[in-house]
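Colleague: Just the structure for this:
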Amino acid sequence: MIKIFKYGPPKKMIKVMVWLSWPIIIAGKKFSSYPVLKWIIYPFFRRPWNEVTSIPINVPVESPASVPVPMRVLERLVRGVDERFALNECICRGHNKCDDPPRSIGCLALGPATKRMHPTNGRYLSADEAMAHIKMAASHGLIANIAHVWIDPLAFQTRFKDLMFICLCDDTNCLYRTHMKKRGPTLDGTYKKLPGIEVSVNAAGCNGCGDCIDSCFVAAIEMNKGKAVIGSDCKGCGRCVEVCPEKAIDLTIANEEELYRQMLERISEMSSLAIKE
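Modeller: The predicted model follows:
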């Protein structure tokens, strides 16, 4: 009985809440570009209550240390916090009963609010265990997203500013990445590219196959004279780099320290997490 007051909802209750809210959230995303409706939907998706930033953990941006820069930057974040709580199951893939990628690769919750998370939802990890978890996600082609979204603290009954997620998302089940190609302006502002990341096409190597266009979850790539062109709406997730059969798309990071500083700045805008350098 004491656990009712010590923790938030157990896993079974979280699943019920997700089942009830899922169609509402999807409908909100689908109608976010419709006249009149988009202004009714706007408050539910606007910043600062919703912000998602991609960290391309499975894109080969190499450094002299032979470790991909985005992964190393993410590791600095993971080691800089005291609380790391891994969900036993991805909420999105669990809801859709999807096992490819494995639903057992759940998101990572960071911050003191994790102390309110019911033990049935997951377990605490050391920094090394958390990085092993993220690297396993990368091996399955998952995208890492730093997410601070009002629905998470509402579901887990935690304080908004004390909780942040590193969501490990796929392209067909994720509540963040799906239904974004015909989004309204509110959703476009919610999903932000991390400054310092650039994605570009080597026109000489591009054969115009269009695989990158199909893979872009925000429809930020178009074809111009038979060559793919990355638009200004690019969110820097790196999925197009992965799928290009000609390896004609590059993701570059100008400065690792600046990238990390920008990431911390973005996080400080979203939460009150204490992150040690």
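Colleague: ok, residues contacting stretch 11-18?
Modeller: Applying CB atoms under 8 Å, 6 or more residues apart in numbering, the external contacts of stretch 11-18 come out as 9, 88, 89, 91, 94, 95, 118, 120, 121, 155, 156. (C-beta placed from N, C-alpha, C; glycine too.)
Colleague: Identify the farthest-apart pair in these.
Modeller: 95 and 118 (17.9 Å; CB to CB).
Colleague: Pick out whichever of these two has more residues nearby.
Modeller: Each of residue 95 and residue 118 has its neighbours counted (other CB atoms under 10 Å); residue 118 has more, 19 against 16.
Colleague: wait, doesn't the more buried one sit right on residue 9?
Modeller: Yes - with contact defined as CB atoms under 8 Å, residue 118 counts as touching residue 9 (6.3 Å).
Colleague: the helices in this structure, which residues?
Modeller: Secondary structure of the chain (DSSP state H): helices at 2-6, 11-30, 37-45, 69-79, 91-95, 127-139, 151-156, 185-190, 211-215, 239-243, 256-270.
Colleague: For the last one, list every residue counted as buried.
Modeller: So the one you mean is helix 256-270. 256, 259, 260, 262, 263, 264, 266, 267, 270 (16 or more other CB atoms under 10 Å).
Colleague: I'd like the distance between the fifth one and residue 199.
Modeller: Okay, so that is residue 263. 17 Å (CB to CB, to the nearest Å).
Colleague: Likewise for the last one?
Modeller: Using CB to CB, we find residue 270 at a distance of 23 Å from residue 199.
Colleague: Kindly report the same for the first one.
Modeller: According to CB to CB, residue 256 stands 17 Å off from residue 199.
Colleague: Report the distance from stretch 80-98 to the chain centre.
Modeller: 12 Å (CA atoms, centre = their mean, to the nearest Å).
Colleague: got the CA coordinates for that stretch in PDB?
Modeller: Presented in PDB, the C-alpha positions along stretch 80-98 are these (Å, rounded to 0.1, in the frame of the first residue of the first chain):
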ATOM      1  CA  GLY A  80      27.100  13.300 -16.300                       C
ATOM      2  CA  VAL A  81      23.800  12.400 -14.600                       C
ATOM      3  CA  ASP A  82      23.300  10.500 -11.400                       C
ATOM      4  CA  GLU A  83      20.000   8.600 -12.300                       C
ATOM      5  CA  ARG A  84      19.600   6.400 -15.300                       C
ATOM      6  CA  PHE A  85      16.400   4.300 -15.500                       C
ATOM      7  CA  ALA A  86      15.800   1.900 -18.500                       C
ATOM      8  CA  LEU A  87      12.300   1.000 -19.300                       C
ATOM      9  CA  ASN A  88      11.800  -2.800 -19.600                       C
ATOM     10  CA  GLU A  89       9.900  -2.300 -22.800                       C
ATOM     11  CA  CYS A  90       9.600   0.400 -25.500                       C
ATOM     12  CA  ILE A  91       6.200   1.900 -24.900                       C
ATOM     13  CA  CYS A  92       5.600   2.500 -28.600                       C
ATOM     14  CA  ARG A  93       6.700  -1.000 -29.900                       C
ATOM     15  CA  GLY A  94       4.900  -2.600 -26.900                       C
ATOM     16  CA  HIS A  95       1.700  -0.800 -27.800                       C
ATOM     17  CA  ASN A  96       2.000  -2.000 -31.400                       C
ATOM     18  CA  LYS A  97       3.100  -5.500 -30.400                       C
ATOM     19  CA  CYS A  98       6.300  -5.100 -32.500                       C
END
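Colleague: Mind listing the residues bridging to the most centrally placed residue in the chain?
Modeller: In the chain, the centroid-proximal residue (CA atoms, centre = their mean) is residue 145; its distance is 2.0 Å. Beta-bridge pairing for residue 145 (DSSP bridges): residue 54, residue 167.
Colleague: That one and residue 276, how far apart?
Modeller: 22 Å.
Colleague: And for residue 189?
Modeller: Taking CB to CB, one finds residue 189 at 30 Å from residue 276.
Colleague: Give me the more crowded residue out of the two.
Modeller: residue 189 (14 against 8).
Colleague: Perfect, I'm done here.
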